[in-house]
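1. got a predicted model here, sequence first, then my questions.
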Amino acid sequence: SSFDVAVVGAGIVGLAAARELIQRHPSLAFAVLEKEQEPAHHQSGHNSGVIHSGIYYTPGSLKAKLCVQGAALCYKYCDQKGIPYKRCGKLIVAVEHDEIPRLKALYERGLQNNVPGLKLIGAKEIQEKEPFCR
């Protein structure tokens, strides 16, 4: 067989690139080449499964924009394909009083990055979400 395009590597990046190329150029013939016996054999198959929000990245940076956009696209893709996931959120806690300004700065950074669903909560709401957190 002959192919118009070959993508080397069947990890998350290789497969995502191949998928995008196929969608953009459906008339071309594609091959994905992988040295292992199965896709996602290395890092792609051993990640935490967390979809990051983009809260930590520098506001306005490409990394922040792509992270927020990528998270939204990932949830949309899962919804379209019926792939189950759990939006459990993330609880970022100031343990010491002097950490509160850093927590507020992180909150502001998340707002600037357009991270959805952010809110500051108090001790009572923290206890409702995580009873062992103080």
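-> It's in.
2. flag the shaky bits of this structure, pLDDT-wise.
-> Scanning the chain for pLDDT under 70 picks out the ranges 44.
3. how far out from the middle of the chain is stretch 102-117?
-> If you compare the mean C-alpha spot of stretch 102-117 with that of the full chain, they lie 16 Å apart, counting by C-alpha atoms, centre = their mean, to the nearest Å.
4. all strands for the protein, in order.
-> Assigned strands in the chain, in chain order: 5-8, 30-33 (criterion: DSSP state E).
5. the domain parsing of the chain - what is it?
-> The chain breaks down into these structural domains: 1-47, 49-133 (assignment by the TED database).
6. excluding its backbone neighbours, what's nearest residue 102?
-> What sits nearest to residue 102 in space, not counting adjacent residues and going by C-beta to C-beta, 6 or more residues apart in numbering, is residue 94, at 7.2 Å. No exception for glycine: its C-beta is placed from N, CA and C like everyone else's.
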